[in-house]
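Student: Generate a structure from the sequence data that follows.
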Amino acid sequence: MSNPTCIFYAATNGELRRHALRLEAEGTIELGHVTVDPSELIAAVGAQSPDLVVADLGEDPERALDMLDKLPTPRPRLIVIGPKDQSGAILRAMRMGVRDYFDTDPSEDDLRSAILRVGAELEPRTAVSAPEKKQPARAVAVMGAKGGVGATVVACQLAAALASRGGRVVLVDLNLPLGDAALYFDVQPAYTLAHIARESERLDPTYLRTLLSGKPNGVQILASPVHAEDAELVRGEHVERALHLLRGDFDWVVLDLSRTWSETTVRALDLADLVLLVTLMDVPTLHHTRKHLDLLERLGHGGARIRLIANRHSSLDAVTDKDVEEFLERKPDFRIPNDFPTTLAAVNRGVSVGDISARSPLARAYIELSQALHGWFGAQQAAAAKAEPSQGALARVRGMFRRS
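Tutor: Presented below is the predicted three-dimensional model:
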């Protein structure tokens, strides 16, 4: 008997979601996805081809059954939770081949028994040799030198470019208290960083996966809290724990940081492998950029670990690369061309600039930026090997920014 791979459609059923997590933890199932979004369920089934879908029909059983009828073929086995007083819905479910229909919320034991019956029908999976141990994900922090430079756009489009090249990518929205990275992907998150803060004692890889939002086979998002007051719950220790777990599940972790020097920002900078500082080619922004570079240096984040990204770059900019080099004592490491119409269209539609205009200089720039990361990581690691460890002064400087 094989443990079935399962996707759970929980609708508004929080208890069903908890059953799913416990059943995976005990080894009864291999949990592929838990969602409350019908379109996400359909996409997940198409991407993962699970053995079983467990679905709560919710308050509109007919609409939910319509959704299940649209699942890609070959359709997975179905276990359904629905009303007991709607004979039409029950009959339709049976005609669809539902294996078990629960007319009340099943206990965990009843659900386990139903799943084990499905597992008994499955062909044993062929044993395969253990894969090589996966390298932890690389963490890239994206930070704006000041407001309005487009750092969140850069973070989101970079994440999309990395995913388009086959990488498993998660974006963590630490632009507290008003981060909106999920909006840039047209995603309405059911869970956010606030859930990590409130239930930190439950945080493990399985639980963390259920907090992510996004499209199957696309960028996953750990969203910023919806309410500004909830952002106060998120501490550096939560960021550290979440990032540690995400590194084990993904190839790339992109951190969209606030430009304010909060405890969470400082901790994220400590944990990031590479920092992209986004600037514009104008005097006020470069003035802020110099302050950021100076502070990053004092925090121990100088050298090859910091990369300067000139956003909205144009040959018509009054400030030249030579001016930047004289003022900052370094040139931009990468230039993203100015293409406001394409960027605005992508943001308004919640897609990548490549989806808007794949051959545009802007789309090519983000692909090239994703490629440049590999070379920068090599340079940063070589520099780190030569660097001597920082002493107590660094801890004292960090202390200025940490909460008491």
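
Student: CA atoms for contacts and neighbours, from now on please.
Tutor: Will do.

Student: Next one: E368 from A55, what distance?
Tutor: 42 Å (CA to CA, to the nearest Å).

Student: With neighbour numbers in mind, choose between the two.
Tutor: Just comparing E368 and A55: by other CA atoms under 10 Å the higher neighbour count belongs to A55, 25 against 15.

Student: Mind listing residues that contact the helix or strand that one falls within?
Tutor: In this structure, A55 sits in strand 52-56 according to DSSP states H and E. For strand 52-56, the external contacting residues (CA atoms under 8 Å, 6 or more residues apart in numbering) are 4-11, 13, 76-82, 118.

Student: How far does the following helix or strand past that strand sit from its chain's centre?
Tutor: The first helix or strand that comes after strand 52-56 along the chain, using DSSP H and E, is helix 61-69. Centroid separation between helix 61-69 and its chain, computed with CA atoms, centre = their mean, to the nearest Å, is 29 Å.

Student: could you give the mean pLDDT of helix 61-69?
Tutor: Averaging pLDDT along helix 61-69 gives 89.

Student: between that helix and strand 52-56, how big is the angle?
Tutor: 160 degrees (axes from the mean of the first three to the mean of the last three CA atoms, to 10 degrees).

Student: outside of helix 61-69, which residues touch it?
Tutor: With contact meaning CA under 8 Å, 6+ apart, helix 61-69 is reached by 38, 42, 57-58, 82-83, 89, 93, 96.

Student: Also stretch 167-175?
Tutor: In contact with stretch 167-175 (CA under 8 Å, 6+ apart) are residues 155-156, 159, 162-163, 179-181, 217-224, 246, 250-259, 264-265.

Student: now, which of the residues you listed lie within strands?
Tutor: Mapping the contacts of stretch 167-175 onto strands (DSSP state E) picks out 220-222, 252-257.

Student: how about L71, what does it touch?
Tutor: 42, 45-46.

Student: between these, which has the most around it?
Tutor: V45 (24 neighbours).

Student: What angle do helix 61-69 and the helix or strand in which that residue is found make with each other?
Tutor: Here V45 sits within helix 38-48, counting by DSSP H and E. Here the directions of helix 38-48 and helix 61-69 differ by 20 degrees (the same axes, to 10 degrees).

Student: what about this structure, any weak spots by pLDDT?
Tutor: 1-2, 11-12, 123-134, 216-217, 378-404 (pLDDT under 70).
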